[in-house]
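*Asks:* coords please:
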Amino acid sequence: MAFTLASPQHSELLVKKSRFIGCVQPVADRAAAHAVVDALRQAHPGAAHVCWALMAGGQSAANDDGEPGGTAGRPMLEVLRHHDLQGALATVVRYFGGVKLGAGGLVRAYTDCIAQAVGAATLVPLVSQRRLHCAVPYALEGVFRREIAAVGATLEQVQHLGLVQFSLSLPEPEAANFIARIDDAAQGRAVWRPA
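*Replies:* Numbering: from 1, shown residues only. This next block holds a predicted model:
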């Protein structure tokens, strides 16, 4: 089962005078990840490196930001993969302490910094969502809205035309029961459109 993060979680690690400031946080896509990394670079102008790893479906990526290849971004990405995280960004700001850590030391430091942050984070199971479109007579609008609230669906759009047209998304496991309850309440007057 895949997970995402409920909120950002920070960690800090000191290794041979180098300071590693880590963070894992939920992000939607690569553009959002780049915005976070750019903000970190501005907030930490004296940092030697701002390395990052992103797990976001087909937009996953890792960046060593000048560290030896494969010693920062890739190990951080592996921590995210190990915890089955999606829609998650791991960042580490490194202030160089004057002592070289070697490739193995860097991999351990970046891995440990992100592992600490993930270990302290609240993980939320990712449930696939299903989009539904339905039109019902005005007399059934209240029933439909109560069913939406009961199932925890997200109402995306309502249009009052000849019928009340709803667009919503809800957890995939709830969809079949929701459709059955609406069909039963509407007694065949609900019109379902493909998503």
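*Asks:* secondary structure element for Leu40?
*Replies:* Take DSSP states H and E as the rule and Leu40 turns out to sit in helix 30-43.
*Asks:* ok, and what's touching that helix?
*Replies:* Under the criterion Cβ atoms under 8 Å, 6 or more residues apart in numbering, residues 25, 27, 47, 50, 52, 54, 56, 59, 61, 63, 89, 91, 93 lie in contact with helix 30-43. Using the backbone N, CA and C atoms, a C-beta is placed for each residue, glycine as well.
*Asks:* and the next element down the chain from it?
*Replies:* strand 49-55.
*Asks:* now do that following strand against helix 30-43: the angle between them, please.
*Replies:* 160 degrees (axes from the mean of the first three to the mean of the last three Cα atoms, to 10 degrees).
*Asks:* report all helices and strands that strand 49-55 contacts.
*Replies:* On a contact count with 3 or more Cβ pairs under 8 Å, 6 or more residues apart in numbering; DSSP states H and E, strand 49-55 meets helix 30-43, strand 61-63, helix 73-82, strand 88-95.
*Asks:* show me the helices in this protein, by range?
*Replies:* 30-43, 73-82, 102-120, 141-151, 172-186 (DSSP state H).
*Asks:* run the angle between the longest one and strand 88-95 for me.
*Replies:* The reference is to helix 102-120. Taking the same axes, to 10 degrees, one finds helix 102-120 and strand 88-95 inclined to each other by 130 degrees.
*Asks:* would you mark the buried spots in helix 102-120?
*Replies:* 106-118 (16 or more other Cβ atoms under 10 Å).
*Asks:* what does stretch 137-147 give?
*Replies:* Neighbour counts over stretch 137-147 (16+ other Cβ under 10 Å) mark Leu140, Phe144, Glu147 as buried.
*Asks:* give the contact list for the last one.
*Replies:* If I follow you right, that is Glu147. Applying Cβ under 8 Å, 6+ apart, we find Glu147 in contact with Phe178, Arg181, Ile182, Ala185.
*Asks:* mind running it again at 10 Å?
*Replies:* Listed by Cβ atoms under 10 Å, 6 or more residues apart in numbering, the contact partners of Glu147 are Leu140, Ala153, Leu168, Leu170, Asn177, Phe178, Ile179, Arg181, Ile182, Ala185.
*Asks:* Gln129: which of those is nearest?
*Replies:* If you rank the contacts of Glu147 by distance to Gln129 using Cβ to Cβ, Leu170 comes first, at 6.7 Å.
*Asks:* where does this structure dip in pLDDT?
*Replies:* 195 (pLDDT under 70).
*Asks:* who's in contact with Val191?
*Replies:* With Cβ under 10 Å, 6+ apart, Val191 has these contacts: His133, Cys134, Ala135, Val136, Pro137, Leu163, Gln165.
*Asks:* ok, now which ones touch the fifth one?
*Replies:* Pointing back at Pro137 there. Shown in contact with Pro137 (Cβ under 10 Å, 6+ apart): Phe144, Gly162, Leu163, Val164, Ala186, Arg189, Ala190, Val191.
*Asks:* list just the nearest of the contacts of Glu147 to Pro125.
*Replies:* Nearest to Pro125 among the contacts of Glu147: Leu170, at 15.2 Å, using Cβ to Cβ.
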